[in-house]
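*Asks:* My questions concern the predicted model and sequence given below.
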Amino acid sequence: MVASALLMAEETRSHVVATTGDTARSDYSQYLTPYQTAHLAASMLSDADGGRLRCLDLGAGTGILSVALAERYGGRVDVDCVELDPELARICDGELSQLEIPHRVAVGDALIVPIGPGYDRVILNPPYRKMAAGDVRQAGLPARSPNLYSAFMMVALCALAPGGECVAIVPRSWTNGQYFQQFRAWALSTCSFDAMHVYGSRTEIFSDTNVLQETMLVRFSKRPQAPTVRVSESQVKDGEPVVREYPFDELVDTGGDLAVRVTPAGRGPLDGMATLKASGLCASTGKVVDFRSRDVLRRDYEPGLNRLIYAWNFTSEGYTHPVDSYKPQWIDCSSERFAKQLIPAGSYVVVKRFSSKEESRRVKAHVLDLGEPQTLENHLNYVHAGTPRKTVPLDPALARGLELWLSSSEVDAWFRARSGSTQVNASDLNAMPVPSARQLIELGGRWLLGLTQEEVDGLCRSVLP
Ligand SMILES: C[S@@+](CC[C@H](N)C(=O)[O-])C[C@H]1O[C@@H](n2cnc3c(N)ncnc32)[C@H](O)[C@@H]1O
């Protein structure tokens, strides 16, 4: 049951959402939490007997998460809020005062304002924004943070008392990929990763604020790692979540890059397959960053130029180059710097680096056969038989088998369980289970352009035992 204080906080939130301009919203990342999500976040925290709880709300906005905490613990809370926007801080202070929730509001940057340890409960829906490696606030963090939200999570976890618990509403991007690796290593070694709630639809929870990131709720606590992690999922707003409990090792890739999955590994048809990397293959990212290479890009072909291949050179009809595009399709690689960016003639599988949850397939793979050395733009990954430092082409039949495999529904399901961001990272591809080289070559022998999804899945099933 959601009690009346939370409904009152929701009224304040809705009013602020309706009156906040898009610029202010995106400058401060003011995507305020609806009351249903605030209630769910607070319900993920354990019961607590006895006295009052010291609570912290980082980036408190209008204070709706503090109100949810107060309701969760029957008012037995003393909340410290930190909020950068003085106007929201004022609204938060007024709201909590009116509801008679004991609190203090500090107006300032949560990454700078001194925050002592010793909190029993921390709750946050932090701002999402890239954080530069040179940002002075990095120095105060225990690990490098690529985004404000992971920096807030570190501040939150550092503030916990022994046995304290933290729930954060965050994008899913921290769960995989190299950017967040240091953060994951730090968080998973410092705290117990206890629970997460994932949503069936990306637009489900922040529908009135246009949040496009796939979002999750995660609970950590200042305790030794619990043996199991509780995973709940809701398919529809207000629907009853489906709750499951999985061993920690089945959700966290403890032997690899510590990627966190939302459904366990080792329980499906991909069980027992070697990863792409362990099979002697390697996924790398296209080397040409076009806006850093303007001097050597050319719109028109001249002898001696090489192709610059972009993601949009691949469609369901196959590979075409050059295409009419607002970006130059040719590159002059005569200098040593750009000669190093050429990949040798031969066969590869390229995979687009960005795709969204709403697309029918997250992994978009295409065979690429090069008669001469050419270059790949940075929005493409490519799979080859070399190492991160040396590109070696694939056997052409294996490349075709791998394209079919990466296009299968099995791989799509595996990928969706692992990644909630819009990126398809080379590290995700390297960790992907793949059939043996013999099986991939056999599959490649049946490759045809323009197969339907059913045909691709049928072929993949036919070569697997
Ligand atoms: C995603 S909103 C969430 C607000 C509120 N906690 C909620 O759940 O509705 C993030 C909040 O963090 C605030 N904020 C942004 N950058 C901040 C910073 N560096 N320090 C403190 N607060 C910040 C924003 O003004 C905004 O209120």
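*Replies:* Received it, and whenever you're ready, just let me know what you need.

*Asks:* Leu398 in helix, strand or coil?
*Replies:* Secondary structure for Leu398, judged by DSSP: H, G, I helix; E, B strand; the rest coil, is helix.

*Asks:* From the ligand, how far out is it?
*Replies:* If you measure Leu398 against the ligand using Cβ to the nearest ligand atom, to the nearest Å, the figure is 46 Å. Quick note: C-beta positions are derived from backbone N, CA and C, even for glycine.

*Asks:* Then Val82?
*Replies:* Distance from Val82 to the ligand, by Cβ to the nearest ligand atom: 5 Å.

*Asks:* try Glu165
*Replies:* On the measure of Cβ to the nearest ligand atom, Glu165 and the ligand end up 17 Å apart.

*Asks:* so that residue sits in a strand?
*Replies:* Yes - judged by three-state DSSP, Glu165 forms part of a strand.

*Asks:* Pull the number of nearby residues for the closest residue to Leu459 other than its chain neighbours.
*Replies:* Among residues not flanking Leu459 along the chain, Arg446 sits closest, at 5.2 Å (Cβ to Cβ, 6 or more residues apart in numbering). Neighbour count of Arg446, defined by other Cβ atoms under 10 Å: 17.

*Asks:* for the stretch 1-150 of the chain, what spans make up the strands?
*Replies:* Taking DSSP state E, counting those that start in this stretch as the criterion, the stretch 1-150 of the chain carries its strands at 53-58, 77-83, 103-107, 119-124.

*Asks:* circling back to that earlier point, the residue nearest to Leu459: what's it in contact with?
*Replies:* Leu404, Leu459, Ser462 (Cβ atoms under 8 Å, 6 or more residues apart in numbering).

*Asks:* Tell me how far the most centrally placed residue in the chain lies from Ser150.
*Replies:* Centroid-nearest residue in the chain, with Cα atoms, centre = their mean: Ser173, separated by 1.5 Å. Applying Cβ to Cβ, to the nearest Å, the value for Ser173 to Ser150 is 9 Å.

*Asks:* With Asp49 instead?
*Replies:* According to Cβ to Cβ, Asp49 stands 32 Å off from Ser150.

*Asks:* neighbour count winner among the two?
*Replies:* Ser150 (28 against 5).

*Asks:* Run through the residues that contact the closest residue to Asn176 other than its chain neighbours.
*Replies:* In space, and not counting its chain neighbours, Asn176 is closest to Ala259: 4.1 Å by Cβ to Cβ, 6+ apart. Neighbour list for Ala259: Thr175, Asn176, Gly177, Arg184, Val252, Asp253, Arg418, Ser427, Asp428, Ala431 [criterion: Cβ under 8 Å, 6+ apart].

*Asks:* quick one, what contacts the third one?
*Replies:* Remark: with contacts taken as Cβ under 8 Å, 6+ apart, Gly177 is in contact with Ala259, Ser419, Ser421, Gln423, Asn425, Ser427, Asp428.

*Asks:* closest point of the stretch 151-300 of the chain to the ligand, which residue?
*Replies:* Nearest residue of the stretch 151-300 of the chain to the ligand: Ile169, at 6.7 Å (Cβ to the nearest ligand atom).

*Asks:* contacting residues around whichever strand or helix holds that residue?
*Replies:* Counting by DSSP states H and E, the element that carries Ile169 is strand 160-171. With Cβ under 8 Å, 6+ apart as the test, strand 160-171 has contacts from 33, 37, 41-42, 44-46, 54, 117-126, 128, 149-150, 152-153, 156-157, 191, 194, 213-223, 420-421.

*Asks:* Recalculate using a threshold of 7 Å.
*Replies:* Residues outside strand 160-171 that contact it (Cβ atoms under 7 Å, 6 or more residues apart in numbering): 33, 37, 41, 44-46, 117-126, 128, 149, 153, 156-157, 213-223, 421.

*Asks:* strands paired with it, and their directions?
*Replies:* Using DSSP bridges, the strands paired with strand 160-171 are strand 119-124 (parallel), strand 215-221 (antiparallel).

*Asks:* What parts of this protein come near the ligand?
*Replies:* With Cβ under 6 Å from any ligand atom as the criterion, the chain meets the ligand at residues 28-33, 59-61, 64-65, 82-85, 88, 109-111, 125-127.

*Asks:* Would you mind measuring from the spatially closest residue to Val296 that is not a sequence neighbour to the ligand?
*Replies:* Among residues not flanking Val296 along the chain, Asp332 sits closest, at 4.4 Å (Cβ to Cβ, 6+ apart). Plainly put, Asp332 is 44 Å away from the ligand if you go by Cβ to the nearest ligand atom.

*Asks:* My guess is Pro393 contacts Gly346. True?
*Replies:* Yes - Pro393 is within contact range of Gly346, at 2.3 Å (criterion: Cβ atoms under 7 Å).

*Asks:* Which neighbours do these two have in common?
*Replies:* By Cβ under 7 Å, 6+ apart, no residue touches both Pro393 and Gly346.

*Asks:* picking up where we left off before, how far away is the residue nearest to Val296 from Pro388?
*Replies:* For Asp332, the distance to Pro388 - Cβ to Cβ - is 26 Å.

*Asks:* thinking again about what came up before, would you mind checking the contacts of Ala259 for buried ones?
*Replies:* Thr175, Asn176, Gly177, Arg184, Val252, Asp253, Arg418, Ser427, Asp428, Ala431 (16 or more other Cβ atoms under 10 Å).

*Asks:* now, which of those residues sits nearest Val288?
*Replies:* Ser427 (20.2 Å; Cβ to Cβ).

*Asks:* So that closest one is in contact with Leu258, correct?
*Replies:* No - assessed by Cβ under 7 Å, Ser427 is found out of contact with Leu258, at 10.7 Å.
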